[in-house]
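Undergrad: Build me a structure from this.
(chains A, B, C and D)
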2 protein chains.
Amino acid sequence: MPAPRTRRSAEQRRAEITDAARELALADGLAAVTLRAVAARVGVASGLVAHYAPSMDELVASTFGDIVGGELAELSALLSTIADPTARVATLLATVLDGSRTDVTLVWVQSWGMGERNEALAAEARSRMDEWQQFIAALLDTGVALGDFRVEDTQGVAWLLLGMIDGLSAHTLVRWGEPGGRRELLERAVEPLLGLESGRLTSR
Amino acid sequence: MPAPRTRRSAEQRRAEITDAARELALADGLAAVTLRAVAARVGVASGLVAHYAPSMDELVASTFGDIVGGELAELSALLSTIADPTARVATLLATVLDGSRTDVTLVWVQSWGMGERNEALAAEARSRMDEWQQFIAALLDTGVALGDFRVEDTQGVAWLLLGMIDGLSAHTLVRWGEPGGRRELLERAVEPLLGLESGRLTSR
DNA sequence: GGGCATGTTGATCACTTGATCAATCACGGC
DNA sequence: GCCGTGATTGATCAAGTGATCAACATGCCC
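TA: A predicted model of the protein is given here:
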């Protein structure tokens, strides 16, 4: 008895495949995004995944892009509901470091480690990091324009903030350090960078 | 014609294998530490590597430990030649972020990303991160004892410093950001954490 | 100078990976 | 209704992985 065959439009199938790839990556990391694993999750022959994906390297790269792009969109939406720039930064730090996004963090870290062997992924990672830096820089620019922050080089500070966030997030991956208790410490480190008085970030 | 066979002591052979594994990891990352790749580098049959290594997962883990342990020892030796705590921290930051150690950085980042699938590696990573934190904390304690730094929670600040270092290092892996021009920015962020006046770290 | 403990070989197994492609068949347009 | 476009299958290939093990041979000890 041959397997029952369901026929979808190319667009629908493409969406199913990218969805399955994203789910796999979030559950078990980018290394789990495999021709056969994706096919099995969609419930389809392995050849079909190969038919739609230019190559697995590119599928992995675009899956990474989907995930971190979605994360940024989500965060952007959350922060857009907050008017005060200082509160925005505080929420940014609290959200990114609350330890509830280790799945996305794993994908980030793997993109850096796999970039050596997957050029498409490396390019996507560069692009997405730029996106993040621009996002943070815009946040800072707003604060400067309103007179809340005093920052000379917003691009540079954005880069530094992103580095701190990524480093501390990566550390939580190996279940190391207590993310909650030391957030205050990070806030105290960030305040001078924004030209804020000590304590402004913490007591919101 | 059978391959010429050279017979070494178990200890010598073991050393050759760990050396080859380290070289491979530094050149092409931990993923390149493969049964056959190590064997080829030593110039030996693949079975021999399997004979000496409990498993490849453990060889990868111990190779990681060798590399980052060596890095810390090297840095420790360098810093021990410097008396002034402030100069020590400045040298620490300058050395770690000078962009000349991307090979070690890659190994670090991969250990976080591969820990999901290699428990021995994850354990080793945790252990080595503890080692680093203790090293930095001791550095801070010295500065506090001499009255140069004013830090309440040296463990916490050490954790934060390590996070910054790792995050910024990881970013250099994807050739992103200009490490040189923005080191000064990092120094300005670190100064308040150590209770230093602004500019003390930069102008040494 | 034999003998044997043990370091060493390399073929082999079972498995996973990405990729290819002829064959098949479902479905919309005529 | 039937026909052909195009989605779908699944076997297959080549490559690479870790692990195992009987056979082999080297070099040290007596």
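Undergrad: residues near residue A:12, how many?
TA: Other residues near residue A:12 come to 10 when the count uses other C-beta atoms under 10 Å in any protein chain shown. Quick note: C-beta positions are derived from backbone N, CA and C, even for glycine.
Undergrad: again with residue A:147
TA: By other C-beta under 10 Å, 8 other residues sit near residue A:147.
Undergrad: Need the pLDDT of it.
TA: Note on residue A:147: pLDDT of 95.
Undergrad: what about it, which helix or strand?
TA: Assigned by DSSP states H and E, residue A:147 belongs to no helix or strand.
Undergrad: For chain A, which segments are assigned as strands?
TA: Remark: no strands are assigned in chain A by DSSP state E.
Undergrad: Spell out which parts of it neighbour DNA strand D.
TA: Within reach of DNA strand D by C-beta under 7 Å from any atom of the strand, chain A has these residues: A:2-3, A:5-10, A:13, A:44-48, A:50-51.
Undergrad: hmm, the longest helix seen in chain A in reach of DNA strand C?
TA: Longest helix of chain A, by residue count under DSSP state H: helix A:119-145. No - using C-beta under 7 Å from any atom of the strand, we find that helix A:119-145 stays clear of DNA strand C, coming within 10.4 Å at best.
Undergrad: Can you show me the helices along chain A?
TA: Using DSSP H, the helices of chain A run over residues A:10-28, A:35-42, A:46-52, A:56-80, A:85-96, A:102-114, A:119-145, A:154-173, A:183-194.
Undergrad: Show me what from chain A comes close to DNA strand C.
TA: So far as C-beta under 7 Å from any atom of the strand goes, chain A lies against DNA strand C at A:2, A:5-7, A:33-37, A:46-47, A:50-51, A:53, A:55-57.
Undergrad: run the last query once more with 10 Å
TA: When proximity is defined by C-beta under 10 Å from any atom of the strand, chain A lies next to DNA strand C at A:2-9, A:31-40, A:45-51, A:53-60.
Undergrad: so residue A:38 makes contact with residue A:21?
TA: Yes - Residue A:38 is within contact range of residue A:21, at 5.3 Å (criterion: C-beta atoms under 8 Å).
Undergrad: Residues that sit against both of these two, list them.
TA: residue A:59 (C-beta atoms under 8 Å, 6 or more residues apart in numbering or on different chains).
Undergrad: quick one on the thing from earlier: counting by contacts, list what the longest helix of chain A packs against.
TA: In terms of contacts (3 or more C-beta pairs under 8 Å, 6 or more residues apart in numbering or on different chains; DSSP states H and E), helix A:119-145 is packed against helix A:56-80, helix A:85-96, helix A:102-114, helix A:154-173.
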